[in-house]
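J.: Need coordinates for the following:
(2 chains)
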2 protein chains.
Amino acid sequence: MDPKAPEAGAADAGPSKSALKKAEAKAKKEALKAQRAAERAATQVAAIQLDDPSKDFYGRVTPTSPAAFSPDAREAHLRDLGAEHEGKSVIIRGWLQNSRIQSAKMAFIELREEGNWAVQGVVLASAPDAPEGTHPVSRPMVKYIGSTNAESFVAVEAVVKKPYEPVKSCRVADWELHLTRFFLVAPAPAMLGLTMAAANRAVTNFSDEEVKPAAEGEEAAKPAEAAAESGPAPAASMLTHLDNIAMHKRAPVQQAIADIRMEAKHLFRSYLRERGFKEFEPPCLIGASSEGGANVFRLPYFNQEAFLAQSPQFYKQFEIAGGRKRVFSIGPVFRAENSNTPRHMTEFTGLDLEMEIKEDYTEVRDMLEGVLLHMFRSLQENCKEEIALVRSVYPSEDILLPEPGKEVRLTFAEGQKLLREEGPEEFRNVSDDEDMSTPQEKALGALVRKKFNTDFYVLDKFPETARPFYAKLDPLHEPKEGGAKLCLAYDFCLRGQEILSVRPLPPFRYKFETNQLILESYQGGQRINDPDELEERIRAKGIDPKSPGICDYVDVFRQVGVPPHGGGGIGLDRVVAWLLALPSVHLASYYPRTPKRLLP
Amino acid sequence: MDPKAPEAGAADAGPSKSALKKAEAKAKKEALKAQRAAERAATQVAAIQLDDPSKDFYGRVTPTSPAAFSPDAREAHLRDLGAEHEGKSVIIRGWLQNSRIQSAKMAFIELREEGNWAVQGVVLASAPDAPEGTHPVSRPMVKYIGSTNAESFVAVEAVVKKPYEPVKSCRVADWELHLTRFFLVAPAPAMLGLTMAAANRAVTNFSDEEVKPAAEGEEAAKPAEAAAESGPAPAASMLTHLDNIAMHKRAPVQQAIADIRMEAKHLFRSYLRERGFKEFEPPCLIGASSEGGANVFRLPYFNQEAFLAQSPQFYKQFEIAGGRKRVFSIGPVFRAENSNTPRHMTEFTGLDLEMEIKEDYTEVRDMLEGVLLHMFRSLQENCKEEIALVRSVYPSEDILLPEPGKEVRLTFAEGQKLLREEGPEEFRNVSDDEDMSTPQEKALGALVRKKFNTDFYVLDKFPETARPFYAKLDPLHEPKEGGAKLCLAYDFCLRGQEILSVRPLPPFRYKFETNQLILESYQGGQRINDPDELEERIRAKGIDPKSPGICDYVDVFRQVGVPPHGGGGIGLDRVVAWLLALPSVHLASYYPRTPKRLLP
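T.: Predicted coordinates for the structure are as follows:
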């Protein structure tokens, strides 16, 4: 039996433990080799000779020797390089992605400016018989450029020329920089903790424990296109990425995710502003754990105890009580849940809205549906490049969205009916009064996709057992003998399936699956605005309306007349992870906080 | 001696303790009276008689009896009321600001929709001989409308007419609503904890202790214009405002402050986005208290300890290390400072930016100056109405800003020279090596205002003793024997004076005075991007570079080459308080957090 066979098999399903170890050892060896080479080179180029004719055109930038460019050179950006630059001298500041000595007379570099905007640079030593007065490039200068450490920050001057053939390895394929000056502004170490090639590959695993094989369903994605040229670099774990935060963030895939995230935030905000919503800022520090005590962070606060907000729910409602007709907030929320999975974080960004209801709770439903669809549609349109870049590392497909005017809204009962009538055998007898099980929701998602050609739909009017105390009951619904009352509340379901579980307080839902069908819910509904009704519901849920936090909440509705209102909320991290079908919500976050990780 | 004389004297300087107590007693008595009257009225109008010809046109909205409007009535907003509405039926939902029975046949109301957009409504009982088929208004309906509790939420239908003369008490002075339908959507209690008239007056004091006379320099401002008509309502303390959060927030002055705050945030964001800055989100939960241990909140975090971020400083720099050339963040920061003053909060919103420096640290200085001036100029332009409204309660004057191109930038040494040469006698010998004292700064502010006609200027190149370890020293500056080195760092000074005190870590400064000259600083500067230089400075500041948080910070600069960069930060609460010269920063916050107050 071939001893390599089991490993090969394992590689198909995801790297095995031994493969990971081997890759790590290989990476270390390579890095060590690189370090030695660089150290050697550094010694050689450390001192620029006084008789070097190019001595003013390269070297380390210092206060006494700053970068000095020709008077006719103009600052340019890689994103904008075009025919108007041909033959001209440009100044570009960026990160040295690669450097390579071709010969004593020639060296190549790759210079990156932002995201994956990189260009090839070349430097040629001047011929010994170069006419007097021309800009000389000495051999030591060529050597210096070719042996500068990757991921150093440099400022170069170069003439823009057309390459012999398009440079496939760089996004700026049609132009090449012929370097005439090269200044090292901030050197990188010879050995990087994480190379760019590795940083731009799919993260192998999201465990907070050191070296552990990837769990099933969390396979490493295919090697990134970008890494293809220099051979597939070994991919790294999330821990390695976070330990090398600068390189993690320099990877074009992470910059693209960050750009998409900010665009999502921007779209949420601008859609609501245009519709008369006012932004407000709920506090993070709160005096009472109003939303269930188990998952809340507590801290000593002078002579009392403070809590970190789990959602802005109560504060959104205070704004409505305070005479705002429509409000939204974007800010951090916290959950002290000891769940060490790629689906959980302890701090994330909430997107929340709340609005006056004029006549009917569907006004809120349609607003939430509208803003979500706007975000998904616009992201797929505005962020095409970024999404394509992410998909080159984490493959996924576009979400199927409903045509405008053809949004799919099923009541909970209609959903159950569909399951009974057209779903799998085991769901022939599902009840309208009980919350759906996960298999039911998956089956319903598949049915909706087949029937209506959409991954996005609304499930409306949930039984009250599945909702928090502030959810308004449907006043027009008469439950059957022993049946559950219905709430004016709904979930938004994406990517086929939705998981509805009864959780202490679910304006943000956590269920999130890592296979290619990512699940998440966006809950919303009408809230109770009558204090007596609210107190009755609080008691019915087994909560003491006089308990801290709760009593202050109810009290606001007694202080003044509060109009009918409703709203909903969603995690921004999840919107991004949904859209891109990322294997972990940690990738969508700037600095993911997990129960074991608070650094960097 | 007239026993009233001392009180009258005290009233000029601010209400005395006894005056406050009297006012409170008076308010309670009035409220009790109002409550009784309302209870009486409520009993009278509780049941709408079946033979009431208007019975379908007024009353409480319930699931079985929702608001029902005429088919030809159209929704309108007070802000838009105009000639095109004259004689037409409109539907308006809003807060009943006032109701008053004039006679058995006539009642008046004031209806408020948002901010101070209110309109007068009138209802007249139909003549007994009104022709059959016309819309009847019964006397019970008039009584119901005239005795509905203030701050109830109502939905009305009315014909828009020109009043006999402009209605001075309402912002919509040129139109009047002739009510035909009146539905009570959410009733307020008969007795409000804080009336609108009181809520819209200047807060009397900001102490966290119960009933305490206002401290010197924190006098209650003059009664608001808005309160003038119904007689000056007794003003209330911040504690009463916060205990009645809905009424606090309904006050037009608070809504105007909130609108200005959001516009400030929007201006900061849009200015930077236009200049290529990328927004990012720093974490609130951090693993090490990197910025001085004394004022940091600590909390148990699973098996370790977490801290709440005091500023996004390190994370802004991580973004630059991570390949972003320009970043900004807007989010909460926390200070565990046990200071119970109108100038302190434990949670506030930071506006922060960080950017690559191409050639010189002045690039950052000019960007910070640019965004701040843009914010102040645009706020004074875009928020004229809101600022005027705030000033009707908290009087202040426009900030004197420099003409574009005439920004005033003094080096610290030039400031001291100015003081020596043109300042008061006692500053004849001030030194360039020592930080300025408060009186020095005040004197300098006055000199600058006189000399350059601006309240806003930059003080540049501070001695290193006044700056944190990450501030870059001026490499071109050679200190005199025994003299201090200079930093490439600056403060922005507003409203004449600036206070520069050495504080543990000052990207956000706290000094803030409550007299009409409000003081605050906006600090910024170039950071050290070389790890060796950074470690040296950390040691020079007496900090162990291997301590938690610090070592992780330095490490990032060792991992990769990080370009030169700089930035600055400011509290959003302070921008708003500055601009409006508010007596307390608490008024600029949505839910001020103080050492004694976490509710609501």
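J.: Now do the same for the residue nearest to residue A:250 when sequence neighbours are not counted: its pLDDT.
T.: Distances taken as CB to CB, 6 or more residues apart in numbering or on different chains put residue B:323 closest to residue A:250, at 3.8 Å, once the chain neighbours are dropped. For glycine as for every other residue, the C-beta is placed from the backbone atoms N, C-alpha and C. Per-residue confidence (pLDDT) for residue B:323: 96.
J.: just residue A:255 next, same as before
T.: Residue A:255 carries a pLDDT value of 98.
J.: Relative to residue A:151, how far out is the nearest residue to it once chain neighbours are set aside?
T.: Spatial nearest neighbour of residue A:255, chain neighbours left out: residue A:115 (4.7 Å); criterion: CB to CB, 6+ apart. Distance, residue A:115 to residue A:151, using CB to CB, to the nearest Å: 15 Å.
J.: Can you report phi and psi for the residue nearest to residue A:255?
T.: For residue A:115, the backbone dihedrals are phi 50, psi -130 (criterion: degrees, to the nearest 10).
J.: just checking, it touches residue A:256?
T.: Yes - proximity of residue A:115 to residue A:256 meets the contact threshold set by CB atoms under 8 Å, at 6.4 Å.
J.: Common neighbours of the two, please.
T.: Overlap of the contact sets of residue A:115 and residue A:256 (by CB atoms under 8 Å, 6 or more residues apart in numbering or on different chains) consists of residue A:389.
J.: which residues does the residue in the stretch 51-200 of chain A that chain B sits nearest to contact?
T.: Proximity of the stretch 51-200 of chain A to chain B (CB to the nearest CB) peaks at residue A:63, 3.3 Å away. By CB under 8 Å, 6+ apart, the contact set of residue A:63 is B:475-476.
J.: near chain B at all, the helix or strand hosting residue A:141?
T.: Assigned by DSSP states H and E, residue A:141 falls within helix A:139-146. No - Helix A:139-146 does not reach chain B (CB under 8 Å from any CB of the partner chain); its nearest approach is 14.7 Å.
J.: Run through who's touching that helix.
T.: Residues outside helix A:139-146 that contact it (CB under 8 Å, 6+ apart): A:41, A:44-45, A:48-49, A:52, A:54, A:57-59, A:99-102, A:104-109, A:123-125, A:179, A:182.
J.: wait, what's in contact with the residue in the stretch 301-450 of chain A that chain B sits nearest to?
T.: Per CB to the nearest CB, residue A:322 is where the stretch 301-450 of chain A lies closest to chain B, at 2.6 Å. With contact set as CB under 8 Å, 6+ apart, residue A:322 has these partners: B:245-246, B:248-250, B:254.
J.: again with residue A:565
T.: The contact partners of residue A:565, by CB under 8 Å, 6+ apart, come to A:317, A:320, A:354-357, A:364, A:526-527, A:529.
J.: More neighbours: which of residue A:115 and residue A:151?
T.: Set residue A:115 next to residue A:151 and count neighbours by other CB atoms under 10 Å in any protein chain shown: residue A:151 wins out with 27 against 23.
J.: Skipping adjacent residues, who's closest to that one in space?
T.: residue A:188 (4.0 Å).
J.: residues contacting that neighbour?
T.: Going by CB under 8 Å, 6+ apart, residue A:188 touches A:96, A:149-153, B:559-561.
J.: Just give me the closest of those to residue B:409.
T.: The closest of these to residue B:409 turns out to be residue A:153 (CB to CB; 28.1 Å).
J.: picking that back up, helix or strand right after the helix holding residue A:141?
T.: Going down the chain from helix A:139-146, the next helix or strand is strand A:153-161, by DSSP H and E.
J.: Would you mark the buried spots in that following strand?
T.: Neighbour counts over strand A:153-161 (16 or more other CB atoms under 10 Å in any protein chain shown) mark A:153-160 as buried.
J.: Tell me the strands beside the helix or strand following that strand, with direction?
T.: Using DSSP H and E, the helix or strand that follows strand A:153-161 in sequence is strand A:172-186. Take DSSP bridges as the rule and strand A:172-186 pairs in its sheet with strand A:58-60 (parallel), strand A:117-124 (parallel), strand A:153-161 (antiparallel).
J.: Quick one, which of these gets closest to residue B:452.
T.: Between residue B:452 and these, the shortest gap by CB to CB is with strand A:153-161, which sits at 36.2 Å.
J.: quick one: the closest one to chain centroid distance?
T.: A distance of 32 Å separates the centroid of the chain from that of strand A:153-161, by CA atoms, centre = their mean, to the nearest Å.
J.: Contacts for that strand, please.
T.: Contacts of strand A:153-161 (CB under 8 Å, 6+ apart): A:61, A:67, A:69-70, A:73, A:76, A:81, A:85-96, A:111, A:121, A:148, A:175-186, A:188, B:358, B:561-563.
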